[in-house]
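[1] with the input below, show me the fold.
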Amino acid sequence: MAGLVSLENTIEIMLKSKKYYAVLLVLLVLVLALPFMRSRKKFITNSGVVWTTEYHITYEARADLNDSIQQLLTVIDNSVSPYNKQSLVTAINEGKNDFADRLFKTLYNKALEVNKASEGVYDPTVMPLVNAWGFGYKSGNMPTQEQIDSILSFVGIEHSHLDGDKIVKDDGRVQFDFSSIAKGLACDEIASMLARNGATNYMVEIGGEVVARGVNERGDVWRVSVDLPMPDNEKGAVHDRAVVLHLDSLAVATSGSYRKFKEVDGKKVSHIVNPKTGNSETSNLLSVSIVAPDCMSADAWATACMAMGLEKTQSMMEKNVKLGVMTISTDADGNFVVWSNKRFADLVESN
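    Prediction:
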């Protein structure tokens with residue numbers, strides 16, 4: 001009997017030991033999982049002002065990435081902002097430097113691509129003409145035709161080329177202004193940073209240029225509103241909605257003549273300057289919105305289409321399956337006329 005009792009005690013001790021170690025194992029798992037539970041992904045929004053425009057960035061992540069966002073915006077500003085007197089592009093424009101960093105080369109190559117596809121209508125070297133019309137970083141009066149012709153002699157991206165990490169200008173007067181795609185670049189760069197940090201759901205918006213991926217906090221595909229231009233408003237525009245887009249892994253950018261213009265002798269002069277003619281574009285085309293796989297492309301093509309005008313834009317973009325395009329113009333009576341290709345229409349939220 002003694003042997004039997006001893007065996008029963010041994011079994012009981014072993015069972016208790018297993019329960020004890022099981023409890024310890026559960027506690028250990030909970031302790032190890034606690035940091036991950038505390039850093040569970042949540043939706044975070046960062047907002048502020050950059051390049052005189054507002055930005056709003058919403059993303060799902062385990063930590064606030066605002067410091068990384070600020071660092072990126074600073075790096076971009078120090079590289080390609082012509083309004084930053086200490087930037088790399090300012091030094092290049094002034095002939096003090098010929099080094100092309102990664103951001104400059106990225107913008108240059110995209111600008112060259114769209115320049116060729118738009119038959120030269122989009123051009124980042126148009127800045128001297130924009131300044132001459134009084135819309136750049138220099139004020140100016142209405143230029144004479146003689147002044148325009150003189151500037152046109154050195155406007156054109158074909159007067160430059162990249163040679164490794166150097167930008168070579170055939171004419172020292174060539175100047176680069178990537179303002180028309182810098183916000184798009186910033187959206188793309190921030191989106192890439194968010195993705196590297198594990199974010200699969202985010203929306204990056206800088207001054208109306210947007211990159212969106214995944215879903216919002218409610219689990220719905222991101223909804224992005226495109227404004228209806230109101231040129232007769234005293235402030236240049238009001239935020240009336242034209243359409244709402246559903247975007248996932250896409251970008252949208254809008255360019256228009258209804259916010260940046262001035263009255264000269266009762267005539268409206270737009271900030272959109274055609275690099276081929278040197279003239280400020282005046283037409284019934286008020287705005288162009290472009291949906292593209294990346295925001296740089298959307299930004300560049302929106303500007304290109306504004307310079308091309310309504311008829312050429314519609315002719316070129318009607319059957320485009322890669323770019324979604326919406327134009328808003330006015331008819332003879334001043335009424336809005338909205339046109340879009342199928343790629344764009346497929347993304348519009350139905351009523």
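[2] what's the weakest-modelled helix or strand in this structure?
    In the chain, no helix or strand scores lower on mean pLDDT, DSSP states H and E than strand 261-264, which sits at a mean of 53.
[3] measure E217 to E119 for me?
    44 Å (Cβ to Cβ, to the nearest Å). In this view, the C-beta of every residue, glycine as well, is placed from N, C-alpha and C.
[4] and R196, by the same measure?
    Taking Cβ to Cβ, one finds R196 at 37 Å from E119.
[5] repeat that for V291.
    As judged by Cβ to Cβ, V291 and E119 stand 22 Å apart.
[6] for these two, indicate the residue with more neighbours.
    A count of neighbours by other Cβ atoms under 10 Å puts V291 above the other of V291 and E119, at 28 against 12.
[7] from the contact counts, what lies against the helix or strand hosting A304?
    Element membership of A304, judged by DSSP states H and E, is helix 295-308. Packing contacts for helix 295-308, counted by 3 or more Cβ pairs under 8 Å, 6 or more residues apart in numbering; DSSP states H and E, involve helix 102-117, helix 179-196, strand 209-213, strand 250-256, strand 285-292, helix 310-317, strand 324-330.
[8] need the ones you listed in JSON lines with mean pLDDT, can you?
    As requested, the helices and strands packed on helix 295-308 are exported to JSON lines (pLDDT from 0 to 100):
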{"stretch": "helix 102-117", "mean pLDDT": "98"}
{"stretch": "helix 179-196", "mean pLDDT": "97"}
{"stretch": "strand 209-213", "mean pLDDT": "98"}
{"stretch": "strand 250-256", "mean pLDDT": "95"}
{"stretch": "strand 285-292", "mean pLDDT": "95"}
{"stretch": "helix 310-317", "mean pLDDT": "95"}
{"stretch": "strand 324-330", "mean pLDDT": "95"}
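[9] looking at those, which is nearest to L152?
    Of all these, helix 102-117 sits nearest to L152, with 15.4 Å by Cβ to Cβ.
[10] residues making contact with the closest one?
    Residues outside helix 102-117 that contact it (Cβ atoms under 8 Å, 6 or more residues apart in numbering): 75-76, 79-80, 88-89, 92, 100, 121-124, 157, 162, 165, 167, 176, 178, 181-182, 185, 189, 296-297, 300-301, 304.
[11] now the buried members of those.
    Neighbour-count burial (16 or more other Cβ atoms under 10 Å) applied to those gives 76, 79-80, 88-89, 92, 100, 121-124, 157, 167, 176, 178, 181-182, 185, 189, 296-297, 300-301, 304.
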